[in-house]
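Novice: output the structure for:
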Amino acid sequence: MSAVAAAICPGTVLAQPLPTTQPEATHATTTQQGVIVYGPEFFSATALATALEVVQRLPGFALDVGNGDARGLAGNTGNVLIDGKPPASKTDGLGEILRRITVASIARIELIRGGAPGIDMQGRAVIANIILKRTASTEKLIDLQGYAYRDGYIGPDLTMQYTHRNGDAREEISIEGVSDRTPGTAYGTRTRRDAAGSLLLRQKLDLWDHVRNLVARGLLQRRAGGGLLTVNGRIDYLDYPTSQATTLLAGQGNDGRNEDLTRQWKAELGANWTRTLGAKGEVELIALQRLGQLRYTSSAVSGDFFAGFGSRSKSGESIVRPILRYKLNPALSLEGGGEIAYNFLDNRTDYSEQGVPVALPDAKVFVNEVRGELFGLARWQPIRRLTIEAGMRAEVSRIAANGDTPRSRSFFYPKPRVQLTWRPGQRDQVRLRIERTVSQLDFNDFVAATENNLGTVRAGNGGLVPERALTLEAVYEHRFWGKGALELSAKHEATRDVIDYIPLPDGFDAAGNIGKGTRDTLSSNLTLPFDKIGIRNARLRANAAVVRSRVTDPLTRERRRYANEIPVTCSATFSHDIFGGHFTYGAHASCGSRPYHLYRIAEYRTTEIEPLFEIFGQWKPNKKLTLRLDLGNINNAARIYDRDIYAGPRNRTPLLYRERREQRRGQYLYFQIRRLF
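Specialist: Residues are numbered from 1 along each chain as shown. You can find the predicted model right below:
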């Protein structure tokens, strides 16, 4: 195995050259700045086919695809860079982007821990930076994947892609069509009992859905204006019908049927331009425009009862984000910039029972936000083993909601952040972080919504304010056995204005602020190679987290967990490369979810997910063909939903009934045929 001599972030003059040190059987080079470079040897002799599979294999790295639904770009684009830049796209998720990058086009991957000069860490402690090859190449790809279910239904997903690269020049066009199900297609039972435990009814559940999605994407990269310009676009159409049929098996009641239909158009155009400024500076400019239109209808029939709900909305987002980076000397670099964004949601809803319209609070709402942010960041390395990163973001925003009662509010939030990274040895790293964060308000909480399959309606609330949290985090990372890594993390969050359900004067409930809360999280991430115990090219990746939170319930005034917070999570994946890396097999297991809760005004919900187990095999007979087969949900794990329904507010009215829904998806086969031309 040869050492890898490379530079961090080609095309970025702020990067530091990597020393050509000999790796310890990892196909990787470690720099003094805490950057580990994985060269082609790390992934070329495997059955891995995409950048997504490669980053999921990186020791000690947990992929975060970001939050494409959140407004703005800061901190929402995931923890993977491509050629030192975040994707100038939000609708096109990071996982989708990585799935379209082939292993053959990757020059190397840099795992940056604790920050490095010239790298936009997106407010994260660990970033993976994928460096693409600059040699001239053309790739034509056909990727057919899909799911085969127990009842014989097959859901295909076909992607056709063309990519050309030559130095800085790059073009990419892809078209994807999907016709499939989701885990929402399932079967099960629903049982209701009164407060004394007597059976009220028992029903059979038959849930069905069908996703039809057509997506067209394009990317163009060229030298322009003395810098490098990347432009990407996407347009997609979604047609998503669902239904739930209930058949009475025992007790008193009726058969019923609920049907929902979602139709949505979305379009996005984004651009990223970077240019070096002398030998020490760089400027980056990001612009993004998104538009969307959605129509949703829902109906519920049970015996002689009929209810209908409809929603029509238009939404948009416009963002401009300039960034300036400057390196004063090898130990100190500065970064500053801002972001200007405009967002809107124009929503109309209607609800009726027995054909008679029912008035909903804020049924017609136009919400818009103008937001500006300035930020500055300094990264200082006073000694070789210590890096200090300190920054400040200041956000100013104005949100206006024109509904039943027009509202307009302005906010100003300073958001300081300090992170200290200490490297006591070549294999260890300690990261300490203190940061003030501010959540984003979900525009959908401003408008009314319904769950017709459950018979519930939620009102809109234009009086929301964002959650604000002070976060303290400590992370210890240890590298061992060449390819092994262990990460232990402890985090404390003190939050003000926690968002949960609150009662409204008209009897409805809505999302609202309920006061102060705290959350403590202990988590671990382990990559365990088996080479030392005689099983070469095999590894186990495992992670676990324990969460404890406390907030005061707005009705009972008792301390409880945050809503929908899972107290314990864990999963493990074993994989083994054999036959010279042409075949990979493995298994994945999840411990499921222990019961977690949702607290509405007249309802208390509990959700539990049983452990899940699956196996997979991937064969790569040559560099251009990849075949994969997964057997999923082998144990046919159940999702269990419990609901306690009250006559009114749950703190002072009697329990009407308890309901349990148990749903199972069934086993399925996942297949993939991926061919390069």
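Novice: what about the helices in this structure?
Specialist: In the chain, the helices defined using DSSP state H lie at 51-57, 94-100.
Novice: can I get those in JSON lines including distance to residue 39, mean pLDDT and mean neighbour count?
Specialist: (C-beta placed from N, C-alpha, C; glycine too.) Below are these laid out as JSON lines (distance: least, C-beta to C-beta, whole Å; pLDDT from 0 to 100; neighbours: other C-beta atoms under 10 Å):
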{"stretch": "helix 51-57", "distance to residue 39": "12", "mean pLDDT": "91", "mean neighbour count": "21"}
{"stretch": "helix 94-100", "distance to residue 39": "18", "mean pLDDT": "86", "mean neighbour count": "20"}
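Novice: contacting residues for residue 65?
Specialist: Contact analysis of residue 65 by C-beta atoms under 8 Å, 6 or more residues apart in numbering lists 78, 93-95.
Novice: picking that back up, the helices of the chain: which one's closest to residue 178?
Specialist: helix 94-100 (11.5 Å; C-beta to C-beta).
Novice: convert the closest one to CSV, retaining C-alpha atoms only.
Specialist: The C-alpha trace of helix 94-100 is given here as CSV (Å, rounded to 0.1, in the frame of the first residue of the first chain):
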residue,chain,number,x,y,z
LEU,A,94,-27.4,15.3,-0.4
GLY,A,95,-28.1,11.6,-0.4
GLU,A,96,-29.4,11.8,-4.0
ILE,A,97,-26.3,13.8,-5.1
LEU,A,98,-23.9,11.3,-3.6
ARG,A,99,-25.8,8.4,-5.1
ARG,A,100,-25.2,9.9,-8.6
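Novice: output the contacting helices and strands for it.
Specialist: On a contact count with 3 or more C-beta pairs under 8 Å, 6 or more residues apart in numbering; DSSP states H and E, helix 94-100 meets helix 51-57, strand 80-82, strand 154-166.
Novice: helices and strands around the longest one, which ones?
Specialist: Meaning strand 154-166. Applying 3+ C-beta pairs under 8 Å, 6+ apart, we find strand 154-166 packed against helix 94-100, strand 137-149, strand 169-180.
Novice: so what touches that strand?
Specialist: Residues from elsewhere that reach strand 154-166 (C-beta under 8 Å, 6+ apart): 100, 105, 132-149, 170-181, 211.
Novice: what subset of those residues is buried?
Specialist: The neighbour-count test (16 or more other C-beta atoms under 10 Å) applied to these identifies 100, 105, 132, 134, 139, 141, 143, 145-147, 149, 170, 172, 174, 176, 178-181, 211 as buried.
Novice: for residue 594, the count of nearby residues, please.
Specialist: Residues near residue 594, counting by other C-beta atoms under 10 Å, number 12.
Novice: same deal with residue 359?
Specialist: Residue 359 has 10 neighbouring residues, counting by other C-beta under 10 Å.
Novice: for residue 647, same thing?
Specialist: Around residue 647 there are 11 residues (other C-beta under 10 Å).
Novice: got the phi/psi numbers for it?
Specialist: In terms of degrees, to the nearest 10, the main-chain angles of residue 647 are phi -70, psi -20.
Novice: OK, contacts around it?
Specialist: 602, 653-656.
Novice: can you rerun that using 7 Å?
Specialist: Listed by C-beta atoms under 7 Å, 6 or more residues apart in numbering, the contact partners of residue 647 are 653-654, 656.
Novice: just residue 357 next, same as before
Specialist: residue 350.
Novice: how near is it to residue 284?
Specialist: Distance, residue 357 to residue 284, using C-beta to C-beta, to the nearest Å: 51 Å.
Novice: now residue 203
Specialist: Note on residue 203: its distance to residue 284, by C-beta to C-beta, is 57 Å.
Novice: what do you get for residue 258?
Specialist: Separation of residue 258 from residue 284 (C-beta to C-beta) stands at 48 Å.
Novice: do the same with residue 335
Specialist: In terms of C-beta to C-beta, residue 335 sits 10 Å off from residue 284.
Novice: what do the two both touch?
Specialist: Contacts common to residue 335 and residue 284, judged by C-beta under 7 Å, 6+ apart, are residue 323.
Novice: per-residue pLDDT of residue 63, please?
Specialist: Note on residue 63: pLDDT of 86.
Novice: state the distance from residue 340 to residue 180.
Specialist: In terms of C-beta to C-beta, residue 340 sits 38 Å off from residue 180.
Novice: the closest residue to residue 597 other than its chain neighbours bridge partners, please.
Specialist: Leaving aside its sequence neighbours, residue 597 sits nearest to residue 606 (C-beta to C-beta, 6 or more residues apart in numbering; 5.4 Å). Here residue 606 sits in beta bridges with residue 597, residue 642, going by DSSP bridges.
Novice: what about the residue nearest to residue 178 when sequence neighbours are not counted, neighbour count?
Specialist: By the measure of C-beta to C-beta, 6+ apart, the closest residue to residue 178 outside its immediate chain neighbours is residue 213, 4.2 Å from it. Residues contacting residue 213 under the criterion other C-beta under 10 Å number 16.
Novice: so who does residue 213 touch?
Specialist: By C-beta under 7 Å, 6+ apart, the contact set of residue 213 is 178, 236, 238.
Novice: for the residue lying closest to residue 486 once chain neighbours are set aside, give its distance to residue 430.
Specialist: Leaving aside its sequence neighbours, residue 486 sits nearest to residue 478 (C-beta to C-beta, 6+ apart; 4.8 Å). Distance from residue 478 to residue 430, counting by C-beta to C-beta: 10 Å.
Novice: now residue 640
Specialist: Remark: distance between residue 640 and residue 430 (C-beta to C-beta) = 41 Å.
Novice: what do you get for residue 663?
Specialist: 44 Å.
Novice: how is the protein partitioned into domains?
Specialist: Domain assignment of the chain by automatic domain parsing yields the ranges 1-133, 178-304.
Novice: of these, which approaches residue 406 most closely?
Specialist: Distance to residue 406, taken as C-beta to C-beta, is lowest for domain 1-133 among the domains of the chain, at 21.1 Å.
Novice: the residue nearest to residue 81 when sequence neighbours are not counted: how many residues sit nearby?
Specialist: Closest residue to residue 81 apart from its sequence neighbours, by C-beta to C-beta, 6+ apart: residue 129 at 4.4 Å. A count of nearby residues for residue 129, using other C-beta under 10 Å, gives 23.
Novice: surely residue 129 is in contact with residue 86?
Specialist: No - Residue 129 lies out of contact with residue 86 (C-beta atoms under 7 Å); the separation is 10.2 Å.
Novice: where in the stretch 51-200 of the chain is pLDDT low?
Specialist: Scanning the stretch 51-200 of the chain for pLDDT under 70 picks out the ranges 67-76, 88, 115-120, 122-123.
Novice: also the stretch 301-450 of the chain?
Specialist: For the stretch 301-450 of the chain, the ranges with pLDDT under 70 are 404-405.
Novice: the same query, at a cut-off of 80, please.
Specialist: 360-363, 403-407, 441, 443-450 (pLDDT under 80).
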